[in-house]
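[1] Need the 3D shape of this:
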Amino acid sequence: MVILINNFRNLLNWKSTLIYIFVISIVPTIIGFVLKSEIYDGSMSISSQTDFTIGIYYILVFMWVLGIPFLIVASAKGIGLIANEMSEGTLGLLVSMKISRYQILIYKWIALYIVMLLLGTLGIFTNITIITTISNMDNNIKTLLIESIPNLIKYLILIGFIFSSLSILLSLLIKSKVVAIISITFYIVIIFLIIPLFKTLLLSYYEQYYLYYIDLNYHFSLIYYYFIDANNNTFSPAIQSVVGNFIGVFDLNKGVDKDLSVITGITLMKAAPVYSYLAATNLIIYWMLFGIIGLIVSIRILTKRDIT
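    Numbering: from 1, shown residues only. Okay, the predicted model is just below:
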């Protein structure tokens with residue numbers, strides 16, 4: 001238990017936490033001012049304001065608040081848990097105190113997981129507070145955003161479990177802490193930024209080469225959508241068009257009502273179907289097993305490793 005408490009304190013020191021909150025607040029602040037000047041300037045109907053706000057909000061949470069900076073910072077903390085102990089020689093001291101290696105790793109992982117949940121939850125509340133305060137949005141829209149918080153935390157619980165386990169495993173597989181952090185940063189950026197930008201170029205090959213099995217952006221997008229749409233509040237076509245480029249679960253090509261568009265001469269949107277290559281529940285089970293196996297392998301590696 002002492003190991004858990006000490007690691008928790010080290011991971012959640014107030015200086016790094018304040019810096020993290022400052023960084024995570026930059027984009028929501030910009031979005032808040034954009035919403036205020038461009039969306040809530042009186043030229044849009046309430047329904048259009050709602051669609052754009054919800055769409056932008058869910059992109060922001062997926063890619064930023066619980067996305068790239070959150071996962072990079074949290075994973076770097078996890079990678080340092082074992083690497084720092086080994087480089088400083090304190091891991092050997094812990095082992096000599098007759099504390100089982102299993103306990104050492106599990107306590108460290110629990111501390112990391114709790115810190116990830118706290119940072120993620122803090123990010124969610126900071127994000128929504130900044131946006132609603134700066135933009136001065138309609139109360140009905142604000143209520144919709146607030147109601148999304150429990151579902152976002154459910155997604156956080158899962159993704160925190162996956163990446164905390166992965167970062168611990170990487171810290172044991174890759175000897176260099178710097179190389180391990182660069183590696184996981186590379187993959188996080190690929191998943192949440194690069195793939196969405198170039199995904200339209202790959203869609204024609206999706207079924208032919210079964211790319212959906214390795215498209216981790218699709219995996220996490222589908223899981224994310226599963227949680228945020230848990231109350232069966234079907235996204236409007238306008239929301240789908242906003243989030244579709246970054247949360248890649250909607251077949252937007254089927255979101256255009258071609259018959260009415262031909263008749264009216266105007267591009268009219270209809271609800272786009274969700275890509276059904278994989279099932280969200282199966283992905284959740286798969287990634288949960290991935291996290292569990294990662295922890296088991298980490299324990300095995302630490303148990304067998306020669307520590308002096």
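
[2] which of the residues in the helix or strand where Val297 lies are buried?
    Mapping Val297 onto the secondary structure by DSSP states H and E places it in helix 280-304. Within helix 280-304, the residues that count as buried by 16 or more other Cβ atoms under 10 Å are 280, 283-284, 287, 291, 294-295, 298-299, 301-302. Yep, even glycine has a C-beta here, placed from its N, CA and C like the rest.

[3] Now render the residues you listed as CSV, adding distance to Ile168 and pLDDT.
    As requested, the buried residues of helix 280-304 are exported to CSV (distance: Cβ to Cβ, whole Å; pLDDT from 0 to 100):
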residue, distance to Ile168, pLDDT
Ala280, 26, 93
Leu283, 22, 96
Ile284, 20, 97
Trp287, 15, 96
Gly291, 10, 95
Gly294, 7, 93
Leu295, 7, 93
Ser298, 5, 90
Ile299, 9, 88
Ile301, 10, 87
Leu302, 9, 83
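
[4] could I get these as TSV with distance to Phe62?
    TSV is the format used below for the buried residues of helix 280-304 (distance: Cβ to Cβ, whole Å):
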residue	distance to Phe62
Ala280	14
Leu283	15
Ile284	16
Trp287	16
Gly291	19
Gly294	23
Leu295	25
Ser298	27
Ile299	31
Ile301	32
Leu302	33
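
[5] Can you tell me which of those is nearest Leu117?
    Nearest to Leu117 out of those is Gly291 (Cβ to Cβ; 14.0 Å).

[6] Would you tell me which helix is longest in this protein?
    For the chain, the helix with the greatest residue count under DSSP state H is helix 101-135.

[7] list the helices and strands the very next helix or strand once past that one packs on?
    Where DSSP H and E defines the elements, the next helix or strand beyond helix 101-135 is helix 139-147. If you count contacts as 3 or more Cβ pairs under 8 Å, 6 or more residues apart in numbering; DSSP states H and E, helix 139-147 packs onto helix 46-60, helix 101-135.

[8] Mind checking the ones you listed for the one nearest to Ile168?
    Among the helices and strands packed on helix 139-147, the nearest to Ile168 by Cβ to Cβ is helix 101-135 (5.4 Å).

[9] Tell me which residues of the closest one come out buried.
    101, 104-117, 119-121, 123-124, 126-128, 130-132, 134-135.

[10] sorry, back to before: please render the helices and strands packed on helix 139-147 as a markdown table that adds distance to Ile19 and mean pLDDT to the earlier fields.
    Output for the helices and strands packed on helix 139-147, formatted as a markdown table (distance: least, Cβ to Cβ, whole Å; pLDDT from 0 to 100):
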| stretch | distance to Ile19 | mean pLDDT |
| --- | --- | --- |
| helix 46-60 | 20 | 89 |
| helix 101-135 | 12 | 92 |
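
[11] Those helices: which one's closest to Leu35?
    Counting by Cβ to Cβ, Leu35 lies closest to helix 101-135 out of the helices and strands packed on helix 139-147; the figure is 4.0 Å.

[12] chain center to that closest one, what's the gap?
    12 Å (Cα atoms, centre = their mean, to the nearest Å).

[13] same check, this time on stretch 136-156
    On the basis of Cα atoms, centre = their mean, stretch 136-156 sits 16 Å off its chain's mean C-alpha point.

[14] Endpoints of it, how far apart?
    Stretch 136-156 has its terminal residues 27 Å apart, counting by Cα to Cα, to the nearest Å.

[15] contacts for that stretch?
    Contacting residues not belonging to stretch 136-156 are listed as 35-36, 40, 46, 49-50, 53-54, 57-58, 61, 66, 116-117, 120-121, 124-125, 128, 131-132, 223-224, 227-228, 230-231 [Cβ atoms under 8 Å, 6 or more residues apart in numbering].

[16] again, only this time at 6 Å
    Stretch 136-156 is touched from outside by 50, 53, 57, 66, 120, 124, 128, 132, 224, 227-228, 230, with contacts defined as Cβ atoms under 6 Å, 6 or more residues apart in numbering.

[17] Among these, which one sits closest to Ile239?
    Distance ranking of those against Ile239, using Cβ to Cβ, places Thr50 first at 8.5 Å.

[18] count of neighbours near the closest one?
    Here the number of neighbours of Thr50 (other Cβ atoms under 10 Å) works out to 21.

[19] so what's it up against?
    Per Cβ under 6 Å, 6+ apart, neighbours of Thr50: Ile141.

[20] Could the C-alpha coordinates of whichever strand or helix holds Lys15 be exported in CSV?
    Assigned by DSSP H and E, Lys15 falls within helix 14-34. Only the C-alpha atoms of helix 14-34 are listed here, as CSV (Å, rounded to 0.1, in the frame of the first residue of the first chain):
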residue,chain,number,x,y,z
TRP,A,14,0.8,19.7,-8.3
LYS,A,15,3.3,21.4,-10.7
SER,A,16,2.9,18.9,-13.5
THR,A,17,-0.9,18.8,-12.9
LEU,A,18,-1.2,22.6,-13.2
ILE,A,19,0.9,22.6,-16.4
TYR,A,20,-1.3,19.8,-17.8
ILE,A,21,-4.5,21.6,-17.0
PHE,A,22,-3.1,24.8,-18.6
VAL,A,23,-2.2,22.9,-21.8
ILE,A,24,-5.5,21.0,-21.9
SER,A,25,-7.4,24.3,-21.5
ILE,A,26,-5.9,26.0,-24.6
VAL,A,27,-8.1,24.4,-27.2
PRO,A,28,-11.4,24.6,-25.3
THR,A,29,-10.7,28.3,-24.7
ILE,A,30,-10.2,28.9,-28.4
ILE,A,31,-13.3,26.8,-29.2
GLY,A,32,-15.3,28.9,-26.7
PHE,A,33,-14.5,32.1,-28.4
VAL,A,34,-15.2,30.7,-31.8
